[in-house]
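>>> okay, here's the prediction I keep looking at, along with the sequence it came from:
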Amino acid sequence: MASETITLDQVREIVAARGYEIVDADDANNVLQVRDLDSGLLLTSVLEKNVLFNTIQLTRVPAERLSLELLRRMLDAENGISTSSFQLYETADGVGITLNNFAKLQAMGEDDVDDILSCLQFLVVDAWAARDLLKGLL
């Protein structure tokens, strides 16, 4: 159980202090858009109570491009994406493909700081691995 209320300001401060760019914030909805300056990739973090959900949109494709081989690669436990999970969602112009992970925060101590930064770093690493995994199928 969390020993204090976790706020988006706390998360924003940690992320910005560690070299990520805060691109946009929606405090009312507890959403941060964060850019990894090394890769240029844009990540979204959403704080719900004491859980920080993180996602990176990989691509949008027409639904008919979702082949069986593509879906098998995304679901394969040995696909090289070990710290994030794929998610598909319908959009007005096709299907969005994202990678997602989360961190359960406790009291914003060093363990939580490490968890937040690790989640963001893992998403970036997994995004590059996903690019290689899905190459030629999209």
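Alright, I've got the coordinates.

>>> report the central residue of this structure.
The centroid of the chain falls nearest to T55 when counting by Cα atoms, centre = their mean (2.3 Å).

>>> just the element for that residue, please.
If you go by DSSP states H and E, T55 is part of strand 51-61.

>>> which outside residues touch that strand?
6, 11, 41-47, 87, 91, 93-105, 116, 119-120, 123-124, 127, 130-131, 134, 138 (Cβ atoms under 8 Å, 6 or more residues apart in numbering). C-betas here are computed from N, CA, C, even on glycine.

>>> ok now do N30, which residues does it touch?
N30 neighbours (Cβ under 8 Å, 6+ apart): 8, 46-48.

>>> of the residues you listed, grab the buried ones for ChimeraX.
What follows is the ChimeraX syntax selecting those of the contacts of N30 that are buried according to 16 or more other Cβ atoms under 10 Å:
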select :8,46,47
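
>>> which intervals of the protein have sub-threshold pLDDT?
Counting by pLDDT under 70, the chain has low-confidence residues at 1-3.

>>> need the single longest helix in it, by residues.
When the chain is parsed with DSSP state H, its longest helix is helix 110-134.

>>> sec struct for F86, please.
F86 falls in the strand class when you classify it by DSSP: H, G, I helix; E, B strand; the rest coil.

>>> next, count neighbours for it.
Neighbourhood size, F86 [other Cβ atoms under 10 Å]: 19.

>>> G80 should be in a strand, yeah?
No: counting by three-state DSSP, G80 is not found in a strand; it is coil.

>>> spatially nearest residue to it, not counting backbone neighbours?
Nearest non-adjacent residue to G80, counting by Cβ to Cβ, 6 or more residues apart in numbering: A129, 4.9 Å away.
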